[in-house]
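1. sharing a sequence plus its predicted fold:
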Amino acid sequence: MVLGTGGTIASRGQGPEGAVAADGAASLAASLSGRHTVTTRDILTTGSYRLDLGNLRTIAEAASAAVAQEDVDGVVVTHGTDTMEETAFLLDLVHAGSKPVVFTGAQQPADSATPDGPQNLAEAVEAAAEKQLHGTGVLISFAGTVRTARGARKAHTTAASPFAGGTEVAHLAGNDVVVAARPDRCPPLPLPGAAFDAARVEIITAYPGATPNLLRHAAADGAQAVVLAGTGIGNAGPGFAEAVADLTGAGVHVILASRTPWGPVIPTYGNGGGKDLVRAGAVTARTLNPFQSRILAALLLALDPSPETFPERFSAYA
């Protein structure tokens with residue numbers, strides 16, 4: 001089953017107004033060769049830069065319902081690339097079945113001279129139909145490479161293959177899916193309810209000369225948790241450790257991630273660095289980037305807002 005949500009793959013030019021998502025899933029699937037029986041359903045038709053947490057939950061519910069159908073062997077979600085890494089990771093956290101759920105999209109609009117959406121969709125369908133990919137969770141298929149949603153991120157704004165990171169589980173060679181790895185997965189979490197839509201998790205970035213004022217403002221404005229995208233292996237400048245202690249003391253969770261694209265958070269430095277931030281109550285994101293850390297935090301808060309268990313639950317899934 002192909003679930004359409006919009007994005008560049010479904011977009012067409014509107015003159016000076018810019019490209020806008022317009023095509024439904026059935027229109028996208030019309031380009032497929034007929035090697036597999038494909039059904040379609042439209043969930044949304046919008047650019048992924050416009051999505052909120054409620055929209056992500058709607059997509060997760062639709063994918064879970066599709067996977068539960070006995071006559072469905074796999075699910076493809078067409079989605080904008082801007083925030084695909086967030087939606088796909090949410091689905092991976094709650095995906096309870098063995099059937100593959102494969103995200104794909106496009107870098108060129110549907111009416112461009114060289115649209116890449118049809119090829120990406122055809123490859124994603126092949127991946128979703130591949131029995132060897134059962135049990136690998138939620139995947140992102142783009143330009144011949146299939147990778148896990150966990151750890152993936154959009155790494156280039158315009159390249160034909162814009163995603164990097166995660167675990168590369170397969171590659172496409174024509175219609176053949178060549179499986180390369182089988183990732184370990186965490187036990188699935190429950191689908192969240194409406195509390196997920198209203199979860200307040202902000203992201204604050206550390207940089208030379210940054211002050212903790214925004215951290216404190218986020219808490220004062222009602223944030224339940226804040227992801228601190230620290231420098232390097234997880235550091236921040238003067239005043240941040242004291243602010244983290246104030247926030248965690250008031251019941252606001254702080255997740256220490258890194259603004260660096262790849263590598264783990266390893267609290268090492270004192271003098272206000274990662275060691276002090278963790279001593280002040282921050283929980284590390286380990287290898288999760290700030291944006292996927294935010295999704296995990298929002299999901300955990302929606303499922304159980306208890307502050308006492310949050311650090312342990314976050315660490316179990318980071």
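-> Done, it's in.
2. going by C-alpha atoms from here, please, whenever you check contacts or count neighbours.
-> Will do.
3. what's the longest helix in this protein?
-> Identified as the longest helix of the chain according to DSSP state H is helix 53-68.
4. show the average pLDDT along it.
-> In this model, helix 53-68 has an average pLDDT of 98.
5. quick one: low-confidence residue ranges for the stretch 201-318 of the chain.
-> Across the stretch 201-318 of the chain, nothing is flagged by pLDDT under 70.
6. tell me what the longest helix of the chain is packed against?
-> Applying 3 or more Cα pairs under 8 Å, 6 or more residues apart in numbering; DSSP states H and E, we find helix 53-68 packed against strand 2-6, strand 40-46, strand 75-78, helix 84-94.
7. just those: most buried one?
-> A comparison of these by mean neighbour count, using mean count of other Cα atoms under 10 Å, puts strand 75-78 on top with a mean of 30.
8. which strands and helices sit next to that one?
-> Contacts defined by 3+ Cα pairs under 8 Å, 6+ apart place strand 75-78 against strand 2-6, helix 53-68, strand 101-104, helix 117-129.
9. and the ones you listed as CSV, adding distance to residue 306?
-> Listed next are those as CSV, based on distance: least, Cα to Cα, whole Å:
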stretch, distance to residue 306
strand 2-6, 33
helix 53-68, 20
strand 101-104, 31
helix 117-129, 37
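10. want to throw the helices and strands packed on helix 53-68 into TSV with distance to residue 269?
-> Shown next, in TSV, are these (distance: least, Cα to Cα, whole Å):
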stretch	distance to residue 269
strand 2-6	44
strand 40-46	44
strand 75-78	42
helix 84-94	30
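11. adding mean pLDDT and distance to residue 242, write those out as JSON lines.
-> JSON lines is the format used below for the helices and strands packed on helix 53-68 (pLDDT from 0 to 100; distance: least, Cα to Cα, whole Å):
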{"stretch": "strand 2-6", "mean pLDDT": "98", "distance to residue 242": "43"}
{"stretch": "strand 40-46", "mean pLDDT": "98", "distance to residue 242": "41"}
{"stretch": "strand 75-78", "mean pLDDT": "98", "distance to residue 242": "43"}
{"stretch": "helix 84-94", "mean pLDDT": "98", "distance to residue 242": "30"}
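12. among those, which is nearest residue 221?
-> Residue 221 lies closest to helix 84-94 among the helices and strands packed on helix 53-68, at 23.4 Å (Cα to Cα).
13. now for the closest one, which elements pack on it?
-> helix 53-68, strand 138-142, strand 152-154, helix 290-303.
14. which of the ones you listed sits closest to residue 236?
-> Here helix 290-303 is closest among the helices and strands packed on helix 84-94 (Cα to Cα), at 14.4 Å.
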